[in-house]
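1. structure of the sequence below:
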Amino acid sequence: MSRTQQFVQLDIPLAGGQFANIPKNVAGRVNVDDFVFFHWPPAMNARDYTVVLETNDTSGPNHYRTVGLLQTNVELPFVQFDAYGRILVIPTHNANLPRFFARLNRGSTYVIPDVSASHRPGYQHAMARHGILTSGADNSNTLL
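-> The predicted structure follows:
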């Protein structure tokens, strides 16, 4: 053991381990709030984008976790998120493509705006969010 002790916070499970150990194919195990959903403009190539979440895990160099390529439905990890955590849709390889952000809410649908005519490299654009309500005021478009 080193003389300098580091404090690490790993992800906190949503529920007790008993629920997380139930196979996902059992009826009622997978709920709509295990996912987020996306709609994007027809001209946008979803294969060029990755979905990233802001987590409570402080064990790594940053608080973001990649959960996969952009799809109509993306499964979320079974962990707690900050009440004001963010979800980002970022370019996978081309940094000149637009980035999108919103407040992260399980079970919500995010609508990616068509910014093809107005985008400039490096700009971030807010996604509209529909679905699951949040407690308190929701300032989804003013996070960054």
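
2. buried ones in stretch 85-92?
-> 85, 86, 87, 88, 89, 90 (16 or more other C-beta atoms under 10 Å). (Each C-beta comes from the backbone N, C-alpha and C, glycine too.)

3. equivalent analysis for stretch 53-62, please.
-> Buried, per 16+ other C-beta under 10 Å, within stretch 53-62: 53, 54, 55, 57.

4. so which of the buried residues of stretch 85-92 comes closest to residue 130?
-> residue 87 (13.5 Å; C-beta to C-beta).

5. so how far is residue 50 from the closest one?
-> From residue 87 across to residue 50, the span is 11 Å (C-beta to C-beta, to the nearest Å).

6. residue 86 contacts residue 105, correct?
-> No - with contacts counted by C-beta atoms under 8 Å, residue 86 stays clear of residue 105, the gap being 10.6 Å.

7. pull up the overlap in contacts between those two.
-> Counting by C-beta atoms under 8 Å, 6 or more residues apart in numbering, no residue touches both residue 86 and residue 105.

8. distance-wise, check residue 101 relative to residue 95.
-> In terms of C-beta to C-beta, residue 101 sits 16 Å off from residue 95.

9. same check, this time on residue 115
-> Residue 115 is 15 Å from residue 95, by C-beta to C-beta.

10. so between these two, which is more surrounded?
-> Comparing residue 115 with residue 95 by other C-beta atoms under 10 Å, the one with more neighbours is residue 115, at 15 against 9.

11. name the SS class of that one, please.
-> What DSSP: H, G, I helix; E, B strand; the rest coil gives for residue 115 is coil.

12. please report how far it lies from residue 108.
-> 20 Å.

13. and what of residue 35?
-> Taking C-beta to C-beta, one finds residue 35 at 9 Å from residue 108.

14. ok, the two, which is more surrounded?
-> Using other C-beta under 10 Å as the criterion, residue 35 and residue 108 rank with residue 108 on top: 23 against 17.

15. now do the contacts for the spatially closest residue to the more buried one that is not a sequence neighbour.
-> Excluding its sequence neighbours, the residue lying closest to residue 108 (C-beta to C-beta, 6 or more residues apart in numbering) is residue 131, at 4.0 Å. Taking C-beta under 8 Å, 6+ apart, we find residue 131 in contact with 37, 105, 107, 108, 109.
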